[in-house]
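K.L.:
all I have is the shape, not the residue letters:
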């Protein structure tokens, strides 16, 4: 695998940190979705790789009916706990193995997870469950280590403990859509835009600990050593509160006419 040189990772190991520290998308991130008239007004939306349900929990107030799926039981357990009182359905299943009926959804979203899928299987599954006018919305947000000193120094410390981590060195770029999607979808919109995300030392440490290169893959002893160094690093270079330079990206795919069968 291209991801971390094949080093194993398990998001279920960081479910608590994920729930606490990764619900950080600013309102502008959601406004970009709303501006496309998606995830609103009774639309049926499926969030694949939903994790702790960050996207459904934050967007259900705009009127869509949400379902979330994830392969991790621990993540879905947290999603259900955090969604108490909200009308969101969650299931433990991979996007490659989901078996929803044809035309079940108006929109499918994938946030921060698109790289992890078997795209040959996913493109067929998503096309099958979308209505004739359905949209597949791929979403992403990342810090920019070459533009932000705190992000860059934190990233270098992750690489000290996990040299194979392939999440380093992010630059603002268009979301890559593999060629296999061209058979059933067409890209109708994309945008990449700058964001500032507010953190405290504690919340930034938690956000970094909840990343794939630390909490999802290192041993407990390695995480403890990394965190001790990271906290000391932040005391030296970061004020109590600060903004971290990020960018957001959105890619909207529409079913091709030949696949628009309700």
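P.N.:
On my side now, so go ahead. From a predicted model like this one, the values you see are computed outputs, not experimental measurements. Numbering: from 1, shown residues only.

K.L.:
mind checking how far whichever strand or helix holds residue 254 is from the chain centre?
P.N.:
If you go by DSSP states H and E, residue 254 is part of strand 241-255. How far strand 241-255 lies from its chain's middle: 10 Å, per CA atoms, centre = their mean, to the nearest Å.

K.L.:
give the buried residues for it.
P.N.:
If you call a residue buried by 16 or more other CB atoms under 10 Å, then strand 241-255 has these buried ones: 242, 244-255. Heads up, the C-betas are built off the backbone N, CA and C, glycines and all.

K.L.:
other SSEs contacting that strand?
P.N.:
If you count contacts as 3 or more CB pairs under 8 Å, 6 or more residues apart in numbering; DSSP states H and E, strand 241-255 packs onto helix 27-34, strand 130-143, helix 149-161, strand 185-200.

K.L.:
per-residue confidence averaged over the shortest one?
P.N.:
Mean pLDDT, computed over helix 27-34, is 98.

K.L.:
in contact with the residue positioned nearest the centre of the chain, which residues?
P.N.:
By CA atoms, centre = their mean, the chain has its centre lying nearest to residue 112, at 2.1 Å. Applying CB atoms under 8 Å, 6 or more residues apart in numbering to residue 112 gives the contacts 49, 51, 139-141.

K.L.:
who touches the nearest residue to residue 217 once chain neighbours are set aside in this structure?
P.N.:
Sequence neighbours aside, residue 9 is the residue nearest to residue 217 in space, at 4.1 Å (criterion: CB to CB, 6 or more residues apart in numbering). Contact partners of residue 9, counting by CB under 8 Å, 6+ apart, are 3, 212, 216-217.

K.L.:
related to what we said a few turns ago, partner strands of the strand holding residue 254 and their direction?
P.N.:
strand 130-143 (antiparallel), strand 185-200 (antiparallel) (DSSP bridges).

K.L.:
would you mind finding the most buried of those strands?
P.N.:
Scoring the strands paired with strand 241-255 by mean neighbour count under mean count of other CB atoms under 10 Å gives strand 130-143 as the most buried, with a mean of 21.

K.L.:
thinking again about what came up before, turn the contacts of residue 112 into TSV, including distance to residue 206 and pLDDT.
P.N.:
Formatted as TSV, the contacts of residue 112 follow (distance: CB to CB, whole Å; pLDDT from 0 to 100):
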residue	distance to residue 206	pLDDT
49	21	97
51	15	96
139	21	98
140	20	98
141	16	98
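
K.L.:
report the contact partners of the residue lying closest to residue 165 once chain neighbours are set aside.
P.N.:
Using CB to CB, 6+ apart and skipping the chain neighbours, the partner closest in space to residue 165 is residue 213 (3.5 Å). For residue 213, the contacting residues are 4, 158-159, 161-162, 165, 167-168, by CB under 8 Å, 6+ apart.

K.L.:
ok, back up a step: dump the helices and strands packed on strand 241-255 to a markdown table, plus distance to residue 96.
P.N.:
Formatted as a markdown table, the helices and strands packed on strand 241-255 follow (distance: least, CB to CB, whole Å):
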| stretch | distance to residue 96 |
| --- | --- |
| helix 27-34 | 24 |
| strand 130-143 | 15 |
| helix 149-161 | 29 |
| strand 185-200 | 17 |
